[in-house]
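Peer 1: Give the three-dimensional model of this entry:
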Amino acid sequence: MNESLLAHSRCKDGSRIDTVADHLKAVSERAAEYAAAFGAADEARLAGLLHDLGKYGELFQRRLRGEAEHIDHWSAGAWLALTLCQAQGLASALAVQGHHVGLQKAEKPALAALDPTRWDARMHDQRRLSESDVEVLVQRLHADGLSPSAPATSIYSHSAKEAASMLDVRMLFSALVDADFVETEAHFKARSGEKAYRKSGSALNSARALEVLLVHIRELARYSDADSKVNALRADLLDACLSRASGPQGRYTLTAPTGSGKTLSMLAFALKHAVEHNLRRVVMVIPYLNIIDQTARVYREILKPVFGDGYVLEHHSLAGTHGDDDGAEGVGESQRLQAENWDAPIVVTTSVQFLESLFSNRPSACRKLHRLAQSVILFDEVQTLPMGLAIPTLATLSRLVERYQTTVVFATATQPAFSHLHDKAKEYCVCGWQPEEIIPAALRLFDRARRTKVVWPEPERRTSWDELAVSLASDDCRQSLCVVNLKRHALELLQKLRDRKVDEDSLFHLSTNMCPAHRRVVLWCIHRRLRAGKPCRLVSTQCVEAGVDLDFPVVYRAWGPLDSIAQAAGRCNRNGLLGTGEVRVFVPDDERYPPGAYEQAAAVTSVIAGTRALDIDDPAMFLEYFRQFYGIARPEDRNPELTAAIRHKDFADVARLYRVIEQDAVNVLVPYRPAKFKKLAEDVWGKVGLTRGWILRARPYAVSLYRPKRNEPIRDRIVPLPAGRGEESDDWFEYVGDAKDYDPKTGLTVAGPIERLLIA
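Peer 2: Coordinates of the predicted model:
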């Protein structure tokens with residue numbers, strides 16, 4: 001072995017070197033271990049052997065000594081994979097090419113540009129090859145006893161549909177880059193000449209975890225203060241989930257009413273399904289931070305006493321901080337490492353994190369994907385999936401089921417008719433999307449869960465904010481929730497209630513004008529007042545819908561999408577203690593909606609209401625509602641650029657265009673708690689700028705704004721925070737306007753130009 005050819009500089013304590021041969025062998029074997037879960041060990045082993053082939057080149061060795069720069073040490077390995085293995089080496093070539101620069105294009109012109117005999121530095125970010133003669137590199141590889149060979153089969157198939165074949169490449173890429181990260185990290189953390197590997201995550205003990213969960217559920221039922229009919233419904237939902245969990249792996253829907261115990265029943269399904277099929281992991285995907293926080297907390301409280309820390313991994317922007325004043329610099333090291341590659345048995349994450357990783361081309365985002373093989377993926381409140389992403393998302397998830405021994409469950413009270421998009425999804429993955437429902441129709445869960453009476457508005461009837469304020473201020477609405485469509489509507493209604501001298505202590509507001517720490521405190525206060533039977537009137541935007549565990553006797557809901565009305569109704573008589581709660585739907589005088597799909601969905605609700613009586617407790621009505629919505633919204637036509645990028649298998653463009661949150665947003669640190677605001681500002685300005693730990697501490701005290709243009713007046717009220725090395729952040733700002741602009745009741749509510757920028 002040639003110990004003069006190094007893969008890296010010396011480790012931190014200087015006690016060991018990492019030769020090219022050592023590194024290639026270690027990454028090769030680890031990548032093969034990761035890819036074995038989906039039958040691609042040989043291909044991953046090949047990618048590992050070739051990923052840093054260019055490090056055998058003299059120019060790279062000079063770069064390690066500080067004598068050269070801007071050297072490409074990966075393209076030679078990608079080219080060798082193509083020439084050695086032909087079509088069987090395409091996935092390996094793409095993975096090797098992308099392990100530093102990200103996955104690129106699976107097309108002939110892009111791959112031909114890897115040819116060292118035709119190397120054009122202008123096409124490769126002005127990088128020079130470490131060695132232009134690949135044969136020299138191969139001879140050095142062979143001299144070290146390493147001989148790459150073509151795999152018998154390849155994960156990549158030219159005949160596979162585009163979304164399917166792109167996922168296949170990402171999965172192989174994931175195994176390679178995670179192996180490379182782990183081995184490189186172990187070298188640089190070496191002590192006394194030995195690599196220092198991170199501690200591996202726990203294995204999923206699904207049988208024991210299920211046993212612990214079922215004991216917890218029984219205890220909840222025993223001490224529940226919910227109505228006996230609600231408890232019986234929850235028990236039937238759990239039994240149905242456990243019964244169906246013995247079935248085959250596949251695509252499932254779980255359609256159950258709000259308040260029926262979906263959060264725990266879903267986990268029970270996943271754990272028993274894992275027992276039946278010897279699965280490795282459960283991943284819960286949730287759209288909203290307020291839900292993910294409470295879901296992860298519930299799961300952790302159940303499982304931590306038996307399995308300890310690290311069994312449930314929270315991975316989202318607020319993970320590891322809840323607005324405390326302990327000054328801790330971010331999350332613990334073990335949780336940070338787990339979050340990098342999801343090396344945990346149960347993962348709770350956001351739709352943004354999960355889905356954008358699934359379509360990413362970057363090493364850091366993709367390295368977790370190989371963990372999805374042999375797992376159960378639970379999607380909560382799946383109706384929030386953006387229409388423009390629905391078809392490629394369904395196709396890609398279907399490929400996970402078909403090829404990677406993964407089960408996918410879509411859970412919600414308002415199940416979208418995604419099966420209606422089956423033929424469109426088949427254009428991207430041959431399986432399309434045809435899920436099976438977990439809950440038998442014979443259980444009649446929705447009929448049994450009728451805990452509210454919905455009062456629909458009379459045709460052409462409009463309600464003014466003054467009239468609505470009179471109703472909300474009355475004694476029969478002393479505990480009531482009113483959900484409106486726009487933030488300015490919430491502010492206007494709140495002011496009308498103040499004008500009527502409603503007790504300020506009993507009056508609450510919720511919107512994303514308020515930072516997460518502020519919203520958390522408000523929800524805590526609301527819970528206390530509701531439990532104590534005190535007056536409590538909440539005016540809110542849609543942020544209170546879906547997953548927020550509130551229970552009001554009376555709920556008002558502005559006309560909107562049918563699924564949004566149903567979600568608002570889920571905050572009414574949630575525990576069934578009142579016999580029947582009342583949901584009063586109204587059409588405001590100022591009938592306006594957030595533009596785009598939300599407005600279209602509200603129009604579909606109006607169309608259906610013109611032909612038949614609306615019933616939010618009828619799942620069949622939601623199937624019809626979503627079918628009509630898809631007919632108007634035409635998800636297949638909503639994102640033509642993304643469609644074109646997928647057709648061309650352009651990984652970089654797909655990653656750029658696949659965005660769960662469509663409009664670019666920035667984070668603004670706001671003075672919700674002046675002392676905390678001052679401390680955070682001093683820390684970021686007085687130290688080296690933005691750090692991971694600082695961001696985690698700051699997120700609870702930040703609001704999101706649509707990115708303002710340079711000439712907009714809001715630019716005078718926010719300043720970019722330092723990113724380090726004399727640079728400014730482009731997505732983190734400090735609010736430097738009047739501190740009074742942040743209202744203790746309503747958050748950042750500045751009239752004029754800023755109002756348009758506040759995210760709904």
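
Peer 1: What ranges in this structure fall below the confidence cut-off?
Peer 2: For the chain, applying pLDDT under 70 flags the ranges 1-2, 289-290, 316-333, 545-547, 662-663, 750-760.

Peer 1: Who's the closest spatial neighbour of residue 598, skipping the chain neighbours?
Peer 2: Ranked by CB to CB, 6 or more residues apart in numbering and with sequence neighbours excluded, the top spatial neighbour of residue 598 is residue 561, at 6.4 Å. The C-beta positions use only the backbone N, C-alpha and C, and glycine is treated the same way.

Peer 1: Now do the phi/psi pair for the one you found.
Peer 2: phi -60, psi 140 (degrees, to the nearest 10).

Peer 1: swap in residue 511?
Peer 2: The phi/psi pair for residue 511 (degrees, to the nearest 10) reads phi -160, psi 170.

Peer 1: List the residues that contact it.
Peer 2: Counting by CB atoms under 8 Å, 6 or more residues apart in numbering, residue 511 makes contact with 487, 490, 540, 541, 543, 746, 747.

Peer 1: Pick out the most distant pair among the residues you listed.
Peer 2: 543 and 746 (12.9 Å; CB to CB).

Peer 1: Give me the contacts around stretch 649-664.
Peer 2: Contact with stretch 649-664 is made by 94, 98, 102-107, 162, 165-166, 169-170, 351-352, 355-356, 359-362, 386, 388-389, 392, 639, 641-642, 645-646, 706-707, as judged by CB under 8 Å, 6+ apart.

Peer 1: cool, and stretch 103-110?
Peer 2: 90, 94-95, 97-98, 111, 156, 165-166, 169-170, 173, 361, 366, 648-652, 655.

Peer 1: Is residue 572 in contact with residue 556, as I believe?
Peer 2: No - using CB atoms under 8 Å, residue 572 makes no contact with residue 556, being 9.8 Å away.

Peer 1: quick revisit: quick one: contacts for the residue nearest to residue 598?
Peer 2: Going by CB under 8 Å, 6+ apart, the list of residues near residue 561 reads 598, 601, 602, 604, 605.

Peer 1: sorry, back to before: quick check on residue 572 and residue 556: which one has the bigger neighbour count.
Peer 2: Shown here are residue 572 and residue 556; by other CB atoms under 10 Å, residue 572 has more neighbours (28 against 25).

Peer 1: May I have the beta-bridge partners of the more buried one?
Peer 2: residue 552 (DSSP bridges).

Peer 1: For the lengthiest strand in the chain, buried residues please.
Peer 2: For the chain, the strand with the greatest residue count under DSSP state E is strand 727-735. Across strand 727-735, burial judged by 16 or more other CB atoms under 10 Å covers 729, 732, 733, 734, 735.

Peer 1: again with stretch 668-680
Peer 2: Applying 16+ other CB under 10 Å to stretch 668-680 flags 668, 669, 670, 671, 672, 673, 676, 677, 680 as buried.

Peer 1: out of those residues, which one sits closest to residue 576?
Peer 2: residue 672 (35.7 Å).

Peer 1: tell me the secondary structure for that closest one?
Peer 2: coil (DSSP: H, G, I helix; E, B strand; the rest coil).

Peer 1: Okay, it and residue 741: tell me how far apart.
Peer 2: Distance, residue 672 to residue 741, using CB to CB, to the nearest Å: 11 Å.

Peer 1: what's the overlap in contacts for these two?
Peer 2: Counting by CB under 8 Å, 6+ apart, residue 672 and residue 741 have no common neighbour.

Peer 1: Before we go further, residue 555 is sitting in a strand, right?
Peer 2: Yes - per three-state DSSP, residue 555 lies within a strand segment.
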